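Engineer: model this:
(chains A and B)
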There are 2 protein chains.
Amino acid sequence: MIKPRTPPGVMELLPPDQIAFQRMLDVIRRNYERFGFLPVETPVMELSEVLLTKSGGETERQVYFVQSTGALAKSAEAGSPDGVPELALRFDLTVPLARYVAEHEHDLAFPFRRYQMQRVYRGERAQRGRFREFYQCDIDVIGKDALSVRFDAEIPAVIHSVFSELDIGAFTIQMNNRKLMRGFFEAQGVADGELQALVLREVDKLDKRGEDYVRETLTGEGFNLAADAVDRIMAFVKVRSTSHADALAQLAALGDHEALREGVAELREVLELVRAMGVPESHYALNFSIARGLDYYTGTVYETTLNDYPQIGSICSGGRYENLASHYTKSKLPGVGISIGLTRLFWQLREAGLLGNAAGSTVQVLVTQMDAAHLPHCLSVAGDLRRAGFNTEVVMEAGKLAKQFKYADRAGIRFVIVLGEDEIANGTVTVKDLRREDQFTIDRHELVSALRVELAQAEALQGTHA
Amino acid sequence: MIKPRTPPGVMELLPPDQIAFQRMLDVIRRNYERFGFLPVETPVMELSEVLLTKSGGETERQVYFVQSTGALAKSAEAGSPDGVPELALRFDLTVPLARYVAEHEHDLAFPFRRYQMQRVYRGERAQRGRFREFYQCDIDVIGKDALSVRFDAEIPAVIHSVFSELDIGAFTIQMNNRKLMRGFFEAQGVADGELQALVLREVDKLDKRGEDYVRETLTGEGFNLAADAVDRIMAFVKVRSTSHADALAQLAALGDHEALREGVAELREVLELVRAMGVPESHYALNFSIARGLDYYTGTVYETTLNDYPQIGSICSGGRYENLASHYTKSKLPGVGISIGLTRLFWQLREAGLLGNAAGSTVQVLVTQMDAAHLPHCLSVAGDLRRAGFNTEVVMEAGKLAKQFKYADRAGIRFVIVLGEDEIANGTVTVKDLRREDQFTIDRHELVSALRVELAQAEALQGTHA
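Structural biologist: Below is the predicted model:
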């Protein structure tokens, strides 16, 4: 007998949680499609040579390699595993996107808008809340040769749409621009990119170590920055706009330095179009401390935080990049995109008690069975319900009604149909609404329309609460 | 520069095909949920020790093993890979189901009805139409200690519902029963299970090698069966019922042998309940030649074939098994289930030209842009459409209308919105219906309701064709 268990670092859910998770996936997908993004799926296994183009480093150490029994035996025969196995599991959806776009370049229409929602794999150290297998839900728009900054404005509109419907509390989409940051640091005499990154890393410690510590470090021996430059840097990274007008004012307040001009112009255009797309100004803000992948992003960058749960960190991040697929094609493919790490987000929401439990089952109706002789009748009623689109389960083995009610209640099934001798004789059905603790008996032929009314009312009520 | 390419044996799709594939997944999932099955997802990686409980053989040779960079380095240091790596990719959804049910036994309600639609991995020899990564879409009902044969009758109802909505042509759900087969062979003097399997393997060659060949083999030296027994076997495996009444008659015609009784009773009950569930008798039949996994299935077995494309083989198969998880738990867990191998099915339908191309894009509306100054207005109209639930793409860079129309047409987007100077001044929009080659100009505030009517009409029309 072998103990049934999963490997560490994976999230496996019982059906009620799986239903909640699936609903989140559905909401994200529906909103991605609503903004015109097209579905793509790529294989979980890529050729190692194709996947691991980037020069070693952190990412490569976390890769999972794949070998068939045959390949494994061959490498064992050779005495030792010779180098890197042929196949590896993807560790994000960005490298597969680059490979996909480069491979199918001539079959795609640009700007190419794709969404992809699949699992990725990282050999992370096992740790609470860290996953080795997790869902990423990505959108990207890829241009050929060029991609207008206007596309950067669609991204916050998608984020707003997704998280409004997910209904997990107030959130703010925080924006910055890498060109603006670079220009600002240049204006402060920090022109070197690597030095900028080091300064930003120190600035990132503001919350944890306090202002004095960071100031001392930056004016101290390692950095030797002038005190007034450090003051300006500290003031800059603390900028958070409080409204649309304030965001524009904050940009204007930066002045008309040559080095800042492009970044300011881009952010201004993005802000104006975000407003034109109907995103409420309460839901977006400038945040000049947001840097993100310094070696990758080149323009607008995004993070999204839950207003009441800042400790969860960014729940949706991304930005603009210069060239998606330089390892695979000579074509220049600039893009902009975001990613939602849904497995981790789901786990965090559940830990924070933010998932609620009102979701209920995917099953909407349970048809009970009091007597084995009634089964054909029960099945026929269930057939009516299914053809009308209701998710319906039939109790296949007759038994005590109380037990069947209890099962429905525990499973989160809202409606229970009772078909006793009387109902069958009279051509009626009794409907028990477990949520409203109510019941009524109607003509069998009115069942479908009655349930439709009940569900429409319930949905309207939910809409009011949202 | 690295050549962008996928490993052999995977199916990667361009967006139009991916949309068609996703729609098939959605139909299957919707129907699985309609019959009360609950979603489960399991990790793609399982512990090898847990996954590979079965004694070696074919399956094990086709397994993909997984090692993180760290594990790989450690096994290299050790001089040679020591035995089997810790992790492996699942090769079906049945073993993970067994592990899941055994692991979570005390948190699940039995009978446990689950569906699972995920990819599985097999190190098959690369070959046209054979995949190393493919979707399986499974349902199973698992009982604790016992599971009534009535559950076997729900399965054909689900199959009928799925393939009716998939709308890929006429199909027949073919049923048999392993107890009946065993009993029949016993009555012919072939009592030994292994011998039965060998006889069946010969009988399986009927189509390819012809009746004479099979008859000679079975009466010949290896088998030494009596000529009249062989006659009866040949007649038996040729039984195909042509209607519900004929199916019952075929069962009755088998006579009242003790050895056949249980199988006949089970098939009869299943047939009666399948009819009670509203499956048309044109869609199910007895087929006494269907054997399937002889070492696994113990009662009802199912195959489903497309009437006009028998060469595609079974598109949905499964059956009843005695005990799901004997490797993981002492509990007896009988079950019944089916699997659709969607990747292969999709590939075959596409090869046979059965996919059609009427699906179109997930994008329903394209909002064009004639002048960069109009963009905020375009975005605002698009916002209205999206809030009303339409999947809407906006052309973000103004340009020639003809080019934008061409793009919509190629992409399969049905409605194009034109917003020229006149429309913007008058508060109207012009809608071009590319499918009906029609256009009309209406008040902007009537746009949403007008498109709803158009789409409802289109859907009603499609319903008529189906």
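Engineer: excluding chain neighbours, what is closest to residue A:338?
Structural biologist: Once flanking residues are discounted, residue A:338 sits nearest to residue A:318: 3.2 Å by CB to CB, 6 or more residues apart in numbering or on different chains. C-beta: built from backbone N, CA, C; applies to glycine.
Engineer: contacts only, for the one you found.
Structural biologist: Going by CB atoms under 8 Å, 6 or more residues apart in numbering or on different chains, residue A:318 touches A:155, A:292, A:301, A:302, A:336, A:337, A:338, A:339.
Engineer: what about stretch A:180-189, distance to the chain center?
Structural biologist: For stretch A:180-189, the separation from the chain centroid amounts to 32 Å (computed by CA atoms, centre = their mean, to the nearest Å).
Engineer: let me fix that: stretch A:334-346
Structural biologist: 5 Å.
Engineer: same question, stretch A:346-359
Structural biologist: The chain centroid and the centroid of stretch A:346-359 are separated by 15 Å, computed with CA atoms, centre = their mean.
Engineer: same check on stretch A:30-41?
Structural biologist: With CA atoms, centre = their mean, you get 13 Å for stretch A:30-41.
Engineer: next: stretch A:320-327.
Structural biologist: Relative to the chain's own centre, stretch A:320-327 is displaced by 22 Å; criterion: CA atoms, centre = their mean.
Engineer: is any part of that stretch close to chain B?
Structural biologist: Yes - Stretch A:320-327 reaches chain B (CB under 8 Å from any CB of the partner chain) through A:325, A:327.
Engineer: report the separation between the residue nearest to residue A:338 and residue A:112.
Structural biologist: 16 Å (CB to CB, to the nearest Å).
Engineer: nearest to chain B: which residue in the stretch 101-250 of chain A?
Structural biologist: residue A:123 (3.3 Å; CB to the nearest CB).
Engineer: let me redo that: the stretch 251-400 of chain A
Structural biologist: residue A:393 (2.9 Å).
Engineer: phi, psi of residue A:184?
Structural biologist: In terms of degrees, to the nearest 10, the main-chain angles of residue A:184 are phi -60, psi -40.
Engineer: picking that back up, mind putting the contacts of residue A:318 in JSON lines, pLDDT included?
Structural biologist: Formatted as JSON lines, those follow (pLDDT from 0 to 100):
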{"residue": "A:155", "pLDDT": "98"}
{"residue": "A:292", "pLDDT": "73"}
{"residue": "A:301", "pLDDT": "96"}
{"residue": "A:302", "pLDDT": "96"}
{"residue": "A:336", "pLDDT": "98"}
{"residue": "A:337", "pLDDT": "98"}
{"residue": "A:338", "pLDDT": "98"}
{"residue": "A:339", "pLDDT": "97"}
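Engineer: now, which of these lie within helices?
Structural biologist: The members of the contacts of residue A:318 that map onto helices under DSSP state H are residue A:155.
Engineer: same list (the contacts of residue A:318) but as a markdown table, adding neighbour count.
Structural biologist: As requested, these are exported to a markdown table (neighbours: other CB atoms under 10 Å in any protein chain shown):
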| residue | neighbour count |
| --- | --- |
| A:155 | 26 |
| A:292 | 15 |
| A:301 | 28 |
| A:302 | 27 |
| A:336 | 28 |
| A:337 | 25 |
| A:338 | 22 |
| A:339 | 18 |
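Engineer: from the contacts of residue A:318, which land in strands?
Structural biologist: Taking DSSP state E as the definition of strands, the contacts of residue A:318 contribute A:301, A:302, A:336, A:337, A:338, A:339.
Engineer: surely the last one meets residue A:135?
Structural biologist: No - counting by CB atoms under 8 Å, residue A:339 stays clear of residue A:135, with 10.1 Å between them.
Engineer: shared neighbours of the two, anything?
Structural biologist: Residues touching both residue A:339 and residue A:135 (CB under 8 Å, 6+ apart): none.
Engineer: not counting sequence-adjacent ones, nearest residue to the residue positioned nearest the centre of chain A?
Structural biologist: Centroid-nearest residue in chain A: residue A:340, 2.4 Å away (criterion: CA atoms, centre = their mean). Nearest residue to residue A:340, sequence neighbours excluded (CB to CB, 6+ apart): residue A:137, at 4.3 Å.
Engineer: same check on residue A:293?
Structural biologist: That would be residue A:319: by CB to CB, 6+ apart, it lies 7.5 Å from residue A:293.
Engineer: assign that neighbour to helix, strand or coil.
Structural biologist: strand (DSSP: H, G, I helix; E, B strand; the rest coil).
Engineer: tell me if the strand or helix carrying residue A:448 is near chain B.
Structural biologist: Using DSSP states H and E, residue A:448 sits in helix A:447-465. No - contact of helix A:447-465 with chain B (CB under 8 Å from any CB) is absent, the minimum separation being 12.8 Å.
Engineer: wait, the residue nearest to residue A:340 touches residue A:28, no?
Structural biologist: Yes - Residue A:137 is within contact range of residue A:28, at 4.9 Å (criterion: CB under 8 Å).
Engineer: what's the residue nearest to residue A:293 in contact with, if anything?
Structural biologist: By CB under 8 Å, 6+ apart, the residues touching residue A:319 are A:178, A:292-293, A:296-302, A:336-338.
Engineer: near chain B, which residues of the stretch 101-250 of chain A?
Structural biologist: Residues of the stretch 101-250 of chain A lying near chain B by CB under 8 Å from any CB: A:102-104, A:107-109, A:111, A:113-114, A:119, A:121, A:123, A:132-133, A:148, A:150-151, A:154, A:157, A:161.
Engineer: any of those residues buried? List them.
Structural biologist: For these, a burial check counting by 16 or more other CB atoms under 10 Å in any protein chain shown picks out A:102-104, A:108, A:111, A:113-114, A:119, A:121, A:123, A:132-133, A:148, A:150-151, A:154, A:157, A:161.
Engineer: okay, and which of these map to helices?
Structural biologist: Those of these mapping onto helices are A:102, A:103, A:150, A:151, A:154, A:157, A:161, per DSSP H.
Engineer: leaving out chain neighbours, which residue sits closest to the fifth one?
Structural biologist: Nearest non-adjacent residue to residue A:154, counting by CB to CB, 6+ apart: residue A:35, 6.5 Å away.
Engineer: same thing with the third one?
Structural biologist: Distances taken as CB to CB, 6+ apart put residue B:396 closest to residue A:150, at 4.6 Å, once the chain neighbours are dropped.
Engineer: any idea how far the one you found lies from residue A:175?
Structural biologist: Residue B:396 sits 18 Å away from residue A:175, going by CB to CB.
Engineer: okay, those two: which has more neighbours?
Structural biologist: Each of residue B:396 and residue A:175 has its neighbours counted (other CB atoms under 10 Å in any protein chain shown); residue A:175 has more, 27 against 23.
Engineer: so the more buried one sits in a helix?
Structural biologist: No - membership of residue A:175 in a helix is not supported by three-state DSSP, which gives strand.
Engineer: just list the residues touching it, thanks.
Structural biologist: Contacts for residue A:175 (CB under 8 Å, 6+ apart) come out as A:156, A:267, A:270, A:271, A:284, A:285, A:286, A:287, A:290, A:300, A:301, A:302.
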